[in-house]
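> generate a structure from the sequence data that follows.
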Amino acid sequence: MNAPLAERLRPKTLADYISQVHLVGEHGTLTKQIEQGLIPSLILWGPPGIGKTTLANIIATESKRPFYTLSAISSGVKDVREVIEKAKGSGGLFTTKNPILFIDEIHRFSKSQQDSLLQAVEKGWVTLIGATTENPSFEVIPALLSRCQVYILKPFNKEDLETLLKRAIKEDEQLAKKTIVLKETEALIRLSGGDARKLLNIFELVINSEATDKVTITNESVLNKVQNNTVRYDKTGEQHYDIVSAFIKSIRGSDPNAAVYYLARMVEGGEDVKFIARRLLILASEDIGNANPTALVMANTTFQAVSTIGYPESRIILSQCATYLACSPKSNAAYMAIGNAQQLVKNTGDLSIPLAIRNAPTKLMKEIGYGDNYKYSHDYENNFANQEFLPEEIKNTTLYQPGNNARENAQRDFLRTRWKEKYGY
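Here you go, the predicted structure:
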């Protein structure tokens, strides 16, 4: 049976690797390390189909290291220990020749499975490369995370994906048997969701469905071929991000019916309960925020509950939370405020903090004016004293604008009684 196009086209060297210039380009973070063979244990974090597994293989090949691989879905503690023993025998104790142990979807490893890696990584018996689509801060235990460098792989852009399609036409021996005209790419790219593996699979499906030796790829031809080949929800990547995106947007749009439908799609597909709950937790702050602070409490309680209970009962808790959040008033004011503040910090740098609100734990600090003229709010009427907290260069800058809902209107009224002249509330 022929390998899929995505597998046939998998790059073998860094020279063939598309994108991730910040990591493996001419001046990339990993480029020199790979050339010298001095590879640290690392976590590759990014969405599906952007080359995490491929990059791990290339790192092993170009640094001339033995390469062992495990899948977190099918491997247990026993498998991990067996591979570590083999790796110890093949690599010895020379740090520049340590075998590489690649673990795909490392976020699916349990705590005990991750614990079983610690000694091998710490002693240098193996160089660990873990691949994950999830934030390693949440899914990798702190002890293991502290021993690894985390590298973020960026999603492919349109140019990257078009380059991949053109490379497939030019280099793949099987596609070379047909004359392929790549007239339009928008539908292919949209259906792939930025997943290179999915892009190539769809591309191959469209080409193979044509009986003639000449194939012209248009948006219409792609949609006609693919719409009748619906892909089942695949928690490892195929519709993973499409479904969760629809789920989040339905809640943001205050539609509990659509929200619970997409929740059911994920539940029936076997999606990780913590993945769903984590998205609800983020949404509760990003899209509801101060319009209903209880939403964050509800989402956090949901996350803790489903982490303890698991399926099948967790579906009930997730449904309760999703429908509650969908029916809640919405505000992204807090989300916008931190975005505005971060941009201001990037634009203005490390501005000097006003002396009055600096801490003065030493005599010298007190002598040079730290804390001078600070007004302790509780000493004043209504526990408020009008004073400057922002650096001089950005004083009077309004970063937080309360939303238009009952709770945040009350916040706006509160702020107006204190900062109307300064911030214009």
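> hey, where'd the helices end up in the stretch 201-350 of the chain?
With helices called from DSSP state H, counting those that start in this stretch, the stretch 201-350 of the chain shows them at 219-226, 240-252, 256-268, 273-283, 294-309, 314-326, 333-348.
> the nearest residue to Thr323 once chain neighbours are set aside - how many residues pack around it?
Nearest non-adjacent residue to Thr323, counting by C-beta to C-beta, 6 or more residues apart in numbering: Pro256, 4.3 Å away. All C-beta spots, glycine's among them, are computed from the backbone N, C-alpha and C. If you count neighbours by other C-beta atoms under 10 Å, Pro256 ends up with 17.
> for Phe102, which of the helices of the stretch 201-350 of the chain is the nearest?
Checking these against Phe102 by C-beta to C-beta gives helix 240-252 as the closest, at 20.9 Å.
> next, the buried residues of that closest one.
240-244, 246-248, 250-252 (16 or more other C-beta atoms under 10 Å).
> would you reformat those residues as JSON lines and include distance to Tyr376 and pLDDT?
Listed next are the buried residues of helix 240-252 as JSON lines, based on distance: C-beta to C-beta, whole Å; pLDDT from 0 to 100:
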{"residue": "His240", "distance to Tyr376": "52", "pLDDT": "64"}
{"residue": "Tyr241", "distance to Tyr376": "50", "pLDDT": "70"}
{"residue": "Asp242", "distance to Tyr376": "53", "pLDDT": "75"}
{"residue": "Ile243", "distance to Tyr376": "52", "pLDDT": "86"}
{"residue": "Val244", "distance to Tyr376": "47", "pLDDT": "87"}
{"residue": "Ala246", "distance to Tyr376": "51", "pLDDT": "89"}
{"residue": "Phe247", "distance to Tyr376": "47", "pLDDT": "94"}
{"residue": "Ile248", "distance to Tyr376": "43", "pLDDT": "95"}
{"residue": "Ser250", "distance to Tyr376": "47", "pLDDT": "93"}
{"residue": "Ile251", "distance to Tyr376": "42", "pLDDT": "95"}
{"residue": "Arg252", "distance to Tyr376": "41", "pLDDT": "94"}
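> just give me the closest of those to Ser19.
Tyr241 (17.7 Å).
> surely Leu144 touches Gln119?
No. Applying C-beta atoms under 8 Å as the test, Leu144 and Gln119 come out as separate, 10.8 Å apart.
> give me the more crowded residue out of these two.
Leu144 (23 against 10).
> any chance of the backbone angles for that one?
phi -80, psi -40 (degrees, to the nearest 10).
> got the CA positions of the strand or helix carrying Ile58 in PDB?
Ile58 is part of helix 52-62 when elements are defined by DSSP states H and E. Below are the C-alpha coordinates for helix 52-62, written out as PDB (Å, rounded to 0.1, in the frame of the first residue of the first chain):
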ATOM      1  CA  LYS A  52       7.000  18.800  15.100                       C
ATOM      2  CA  THR A  53       7.700  15.100  14.400                       C
ATOM      3  CA  THR A  54       9.600  15.900  11.200                       C
ATOM      4  CA  LEU A  55      11.800  18.400  13.100                       C
ATOM      5  CA  ALA A  56      12.600  15.800  15.700                       C
ATOM      6  CA  ASN A  57      13.700  13.300  13.100                       C
ATOM      7  CA  ILE A  58      15.800  15.900  11.300                       C
ATOM      8  CA  ILE A  59      17.500  16.900  14.600                       C
ATOM      9  CA  ALA A  60      18.400  13.300  15.300                       C
ATOM     10  CA  THR A  61      19.700  12.800  11.700                       C
ATOM     11  CA  GLU A  62      21.700  15.900  11.400                       C
END
